[in-house]
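Trainee: next comes the sequence, and after it the predicted model I'd like to discuss.
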Amino acid sequence: MNYLAHIYLSGESEELMLGNFIGDYVKGRQHRDFPAEVERGILLHRKIDEFTDQHEAVRACNQILRPGYRKYAGVVTDIFFDHFLAANWQRYSTHSLKNATRRFHGILMSNYRMLPARVKLFAPFLIQHKRLESYARLEGIEESLGILSRRTSLPEETPYAMKTLKDEYAQFDEAFARFFPEIIQFAIEEAGVNIKMPRLKRG
């Protein structure tokens, strides 16, 4: 999963949220260097990624993207899924996307000294340009893919990714809708995460 999903799947705990967010940047046993609840978030991050990689809906999306991205297809699927989470945020959270991301920005800044070095480098940019909130727009996803292709080993195939997303939008959306309730349940059962979801209207 990508940043927004990891934050969401941490529920209301700021420490769990922080650990889940930095999980990709804490290797091996380095998780032991963090406070207990942050460490729990780091370990939850790893379990979420493992669950995600094995899910049939995610694998199907990866297969669609494989011609352009090969072994990096899963990275792009994760980013696409953050789009569907952001675009449908009101289905999954009692907080607005704007308020949720602003709250997380505050958590990042108040714990800045604890962040891994690589996270310290991009956190101010993420906050200033409201990257998390931008995932709700296709333009935001396009920008994120462009940034990653310039700064990481992700192939520069942004036009291919965006064409594929637009052409297969309903299929990606349906895959996310199948997958996300299951990963929510996994996080609740695995870590006792307190996720406040809107109540379904009856009748």
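Mentor: Ah, there it is.

Trainee: list the buried ones in the helix or strand hosting Ala187?
Mentor: Under DSSP states H and E, the secondary-structure element containing Ala187 is helix 169-191. Residues of helix 169-191 classed as buried by neighbour count (16 or more other CB atoms under 10 Å): Phe172, Asp173, Ala175, Phe176, Phe179, Phe180, Ile183, Ile184, Phe186, Ala187, Ala191. In this view, the C-beta of every residue, glycine as well, is placed from N, C-alpha and C.

Trainee: ditto for stretch 144-164
Mentor: Applying 16+ other CB under 10 Å to stretch 144-164 flags 144-149, 154-155, 157-158, 160-162, 164 as buried.

Trainee: first to last residue in that stretch, what's the distance?
Mentor: End-to-end distance of stretch 144-164 (CA to CA, to the nearest Å): 16 Å.

Trainee: offset the numbering so it begins at 52, please.
Mentor: All set: I'll call the first residue 52, so the last point we hit is now stretch 195-215.

Trainee: residue contacts, Thr119?
Mentor: Just to correct that, residue 119 is Gly rather than Thr. With contact taken as CB atoms under 8 Å, 6 or more residues apart in numbering, Gly119 is in contact with Pro206, Glu208, Tyr211, Ala212, Thr215.

Trainee: in TSV: those residues, plus secondary structure and pLDDT.
Mentor: As requested, the contacts of Gly119 are arranged in TSV below (DSSP: H, G, I helix; E, B strand; the rest coil; pLDDT from 0 to 100):
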residue	secondary structure	pLDDT
Pro206	coil	96
Glu208	coil	98
Tyr211	helix	98
Ala212	helix	98
Thr215	helix	99
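
Trainee: got these as CSV, with distance to Ile115 columns?
Mentor: Conversion of the contacts of Gly119 to CSV gives the following (distance: CB to CB, whole Å):
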residue, distance to Ile115
Pro206, 16
Glu208, 13
Tyr211, 11
Ala212, 10
Thr215, 6
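
Trainee: out of those residues, which comes closest to Leu177?
Mentor: Ranking the contacts of Gly119 by separation from Leu177, with CB to CB as the measure, puts Ala212 on top at 20.2 Å.

Trainee: how about Val244, secondary structure?
Mentor: Of the three states, Val244 takes coil under DSSP: H, G, I helix; E, B strand; the rest coil.

Trainee: what sits closest to it if chain neighbours are left out?
Mentor: Excluding its sequence neighbours, the residue lying closest to Val244 (CB to CB, 6 or more residues apart in numbering) is Gly62, at 4.0 Å.

Trainee: quick check: the one you found touching Glu241?
Mentor: No: when contacts are counted by CB atoms under 8 Å, Gly62 is not listed as touching Glu241 (11.8 Å).

Trainee: low-confidence ranges, the protein, go.
Mentor: Counting by pLDDT under 70, the low-confidence segments of the chain come to 251-254.

Trainee: would you map the helices across it?
Mentor: Counting by DSSP state H, the chain forms helices over residues 54-59, 65-73, 87-105, 107-120, 124-138, 140-143, 148-161, 168-179, 182-185, 189-202, 209-218, 220-242, given from the N-terminal end onward.
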